[in-house]
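# Got a predicted structure here, sequence first:
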Amino acid sequence: MTDLTAMRRSVRTLAWRTAARASAAMGIPLAALTAAGQHDLGLMASTGAFTVLYGAGRPLRYRARMLVVVALSFVACSAAGAFTAGIGWAAIALLTLIGAAATFASQAVRVGPPGAFFFVMVAGVAGFIPAQGTVSPALMVAATAIGAACAVPIAMADLLLAPAGPQHRAVAGARAAVDRFLAADKYSPDAPRLSNEAGAVLHGAWGVLWDAGDTTSRRPGAAARVAQLRAAHHAYATHMLPGTSPDPDLAADPAEGPLGPPTTRRLLARGLRRPTVALDAAGRVALGIAVAGAIALAIGTDHMYWAMMVAALVLYQGLDRRRSLARARNRLVGTVVGLGFFAGVSLAQLGQWATVAMLTLLQGAIELAIPRNYAVAVSLITPLALTIATAGGDGDIAAIVTERLLDTLIGLAVAVAVLLLLARGSAMPMVRAHVARVLESCGNALDHIGAGTVAGQAGQAAQLELALDMQDLAQVAARARTDDPRGMAPWAESREASAWLGLTVLARCAAARGPADGVGGATWACWSLAAAARRGHPPDPTTLLNVRAVIR
């Protein structure tokens, strides 16, 4: 009975709304164009339908802006790919640029899933189809624009019935995550996981309310949601303080409530401060795409786009080496299964309407599978992408399947090589830099406490910088523990002590009332320790503890 209950709960938590919108965005323009006698155009329009995957769960005004930006970007990527079709070196350069830029932007701005991959895919498919000589570049771009234009309103459709639905779900999810954390013993083995889950969900919920405008609205419903989230956040922070939580990193999130989210420009500027995860991931993707494309071009495959897309798919998320290698393995297994699926349906010679139904169902099934099993999702993505990519062509199915497998092996081999060569070497420079940034931000915030300007615009900005630096430190430290555990060992205590210092500084900022005496020494100590960390010297945890004692 317990297993049945767990199965029912698992089914209920699937992304049914997202899957339904994804299916509609794929199926509606494809069905309409098929009915108008333009089935191949409908298949090509599917490249724009991927717009619907972005902004899921976000409020109205944020989602509208994101969808328009993504739609226009897809059309631009399609145009770039279509008008360089058949020019091998130009295609490699183009996809390298698109992959690096999209990866950097999505990582720096914290777009979240599905991230940068579909920009590479749209450009690649748009470059492949016109290269076959049966479709003009202009028609390919027009098809992408049609698909994107249909996807935007479909992606917004759920907000017609429940305009505040994302905010309600975000607050409810945060309260549930905090309740699970509060119900557990803070010293239990599950405490770190529950703490991370609660902190992450709270951070996401504040982002949703800020994006919706609830935090500055006078509407009763908005004010009630903010009050509920503040109460949940207070309960979470109170349970963690005064320093007994086993994982302090996400404790910086209390600053998200009153401080608000950073601007897109600020996030992009932060991403350019070398080294960062955004720059590292963009570099990996650029190298992977360029090398995979060059190898595929050199050996004369007709579809080198696929090799480049596979390399990007493994690398674009900026994950640690263990998870990225697991992703590569799942990609190989899923591709083999997906190629078998594609060969079967191709040999069955499905009619146009059966193809419409298949792609519509596949798109929804992919969205249900991705959070649970990546290999299953890839086995569905492969036939969907190949069916779209072969629009307007009548190629030999056996040759297509064979080349796709070869291109997949090239892309995976290159991606794995990039991971093995670069992952270990990039981990510790990022940890050292981010520890230094947290300490420097602590000094900056303490400087405002001493001057009594912590509540001003500059003081608020300093606190937000510290909160963001702490979140970034948690991310790079987790990567380093996997990619370079030996190098991380001397920094482990210093990293945790730095995170706790940041939490204490933020708490002091929240309680500050006017100029404060006695923080000048702590300010100088933070800046001095930050400079030493940049030179490769782990801050002494005892010294950091003493600084905390001074400012508490």
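Good, I have the coordinates.
# Pull up the gap between the residue most central in space within the chain and residue 365, please.
By C-alpha atoms, centre = their mean, the chain has its centre lying nearest to residue 112, at 2.7 Å. Distance, residue 112 to residue 365, by C-beta to C-beta, to the nearest Å: 21 Å. From N, CA and C alone the C-beta is placed, and that goes for glycine too.
# Only alpha carbons, please: show the helix or strand that contains residue 153 as CSV.
Here residue 153 sits within helix 137-155, counting by DSSP states H and E. Taking Å, rounded to 0.1, in the frame of the first residue of the first chain, the C-alpha atoms of helix 137-155 are listed here in CSV:
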residue,chain,number,x,y,z
PRO,A,137,16.8,29.7,-45.9
ALA,A,138,14.1,32.3,-45.9
LEU,A,139,11.4,29.7,-45.6
MET,A,140,13.3,28.0,-42.7
VAL,A,141,13.5,31.3,-40.8
ALA,A,142,9.8,32.0,-41.4
ALA,A,143,8.9,28.5,-40.1
THR,A,144,10.8,29.1,-36.9
ALA,A,145,9.1,32.5,-36.5
ILE,A,146,5.6,30.9,-36.9
GLY,A,147,6.4,28.3,-34.3
ALA,A,148,7.7,30.8,-31.8
ALA,A,149,4.8,33.2,-32.4
CYS,A,150,2.4,30.3,-31.6
ALA,A,151,4.4,29.2,-28.6
VAL,A,152,4.3,32.5,-26.7
PRO,A,153,0.5,32.7,-26.1
ILE,A,154,0.3,29.0,-25.4
ALA,A,155,3.0,29.3,-22.8
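# Which element is encountered next along the chain beyond the lowest-mean-pLDDT helix or strand in the chain?
Counting by mean pLDDT, DSSP states H and E, the weakest-scoring helix or strand in the chain turns out to be helix 2-12, with a mean of 46. For helix 2-12, the succeeding helix or strand toward the C-terminus, using DSSP H and E, is helix 16-35.
# Need the contact partners of the helix or strand just after that following helix.
Sequence order places helix 39-49 as the next helix or strand after helix 16-35, per DSSP H and E. Residues outside helix 39-49 that contact it (C-beta atoms under 8 Å, 6 or more residues apart in numbering) are 22, 25-26, 29-34, 71, 74-75, 78, 121-122, 125-126, 129, 135, 139-140, 143-151, 352, 355-356, 359, 363, 387-388, 391-392.
# Does anything pack onto the helix or strand just after helix 39-49? Which helices or strands?
Going down the chain from helix 39-49, the next helix or strand is helix 60-82, by DSSP H and E. With contacts taken as 3 or more C-beta pairs under 8 Å, 6 or more residues apart in numbering; DSSP states H and E, helix 60-82 sits against helix 39-49, helix 88-109, helix 117-131, helix 137-155, helix 191-212.
# Quick one: those as JSON lines, columns for mean pLDDT, mean neighbour count and distance to residue 177 too.
Listed next are the helices and strands packed on helix 60-82 as JSON lines, based on pLDDT from 0 to 100; neighbours: other C-beta atoms under 10 Å; distance: least, C-beta to C-beta, whole Å:
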{"stretch": "helix 39-49", "mean pLDDT": "89", "mean neighbour count": "27", "distance to residue 177": "32"}
{"stretch": "helix 88-109", "mean pLDDT": "91", "mean neighbour count": "22", "distance to residue 177": "24"}
{"stretch": "helix 117-131", "mean pLDDT": "87", "mean neighbour count": "27", "distance to residue 177": "28"}
{"stretch": "helix 137-155", "mean pLDDT": "92", "mean neighbour count": "23", "distance to residue 177": "26"}
{"stretch": "helix 191-212", "mean pLDDT": "81", "mean neighbour count": "22", "distance to residue 177": "4"}
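# could you dump those helices to a markdown table with distance to residue 450?
A markdown table is the format used below for the helices and strands packed on helix 60-82 (distance: least, C-beta to C-beta, whole Å):
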| stretch | distance to residue 450 |
| --- | --- |
| helix 39-49 | 54 |
| helix 88-109 | 32 |
| helix 117-131 | 46 |
| helix 137-155 | 48 |
| helix 191-212 | 28 |
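# Of all those helices, which one comes closest to residue 18?
Closest to residue 18 of those, according to C-beta to C-beta: helix 137-155, at 9.3 Å.
# Longest helix in this structure, by number of residues?
helix 397-451 (DSSP state H).
# sorry, back to before: quick check: which of the helices and strands packed on helix 60-82 is nearest to residue 178?
Using C-beta to C-beta, the helices and strands packed on helix 60-82 put helix 191-212 closest to residue 178, at 5.0 Å.
# and that closest one, what other elements does it pack with?
helix 60-82, helix 165-183, helix 220-240, helix 256-259.
# And the next helix or strand past the last one?
The helix or strand immediately downstream of helix 256-259 is helix 264-271, counting by DSSP H and E.
# what's that next one packed up against?
Using 3+ C-beta pairs under 8 Å, 6+ apart: helix 264-271 touches helix 88-109.
# residue ranges with poor pLDDT in the stretch 351-500 of the chain?
The stretch 351-500 of the chain contains residues with pLDDT under 70 at 371-372, 391-395, 423-424.
# can you pull the pLDDT of residue 250?
pLDDT for residue 250: 47.
# Now do the contacts for residue 465.
441, 444.
# residues of the helix or strand harbouring it that come out buried?
Using DSSP H and E, residue 465 sits within helix 457-483. By neighbour count on 16 or more other C-beta atoms under 10 Å, the buried set for helix 457-483 is 459-477, 479-483.
# do stretch 172-186 as well
Those would be 173-175, 177-178, 181, 184, for stretch 172-186 by 16+ other C-beta under 10 Å.
# what does stretch 486-497 give?
Buried, per 16+ other C-beta under 10 Å, within stretch 486-497: 487-488, 491-492, 494-497.
# from those residues, which ones fall inside helices?
Using DSSP H, the buried residues of stretch 486-497 in helices are 487-488, 492, 494-497.
# Compile the residues you listed into CSV and extend it with columns for distance to residue 87.
Output for those, formatted as CSV (distance: C-beta to C-beta, whole Å):
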residue, distance to residue 87
487, 43
488, 45
492, 50
494, 51
495, 48
496, 52
497, 54
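# tell me which of these is nearest to residue 443?
Nearest to residue 443 among those, with distances taken as C-beta to C-beta, is residue 497, at 15.1 Å.
# picking that back up, could you check which helix or strand contains the residue nearest to the centre of the chain?
Here residue 112 is assigned to no helix or strand, by DSSP H and E.
# Local confidence estimate at it?
pLDDT, residue 112: 76.
# ok, the closest residue to residue 55 other than its chain neighbours - contacts?
In space, and not counting its chain neighbours, residue 55 is closest to residue 63: 3.9 Å by C-beta to C-beta, 6 or more residues apart in numbering. Taking C-beta under 8 Å, 6+ apart, we find residue 63 in contact with 55, 155-156, 159, 166.
# Mind telling me the two of the residues you listed farthest from one another?
Of all the pairs that those form, the one spanning the most space (C-beta to C-beta) is 155 and 166, at 12.3 Å.
# Check the contact between residue 314 and residue 412; I expect there is one.
Yes: Residue 314 is within contact range of residue 412, at 6.6 Å (criterion: C-beta atoms under 8 Å).
# Since that was my last question, I'll sign off now.
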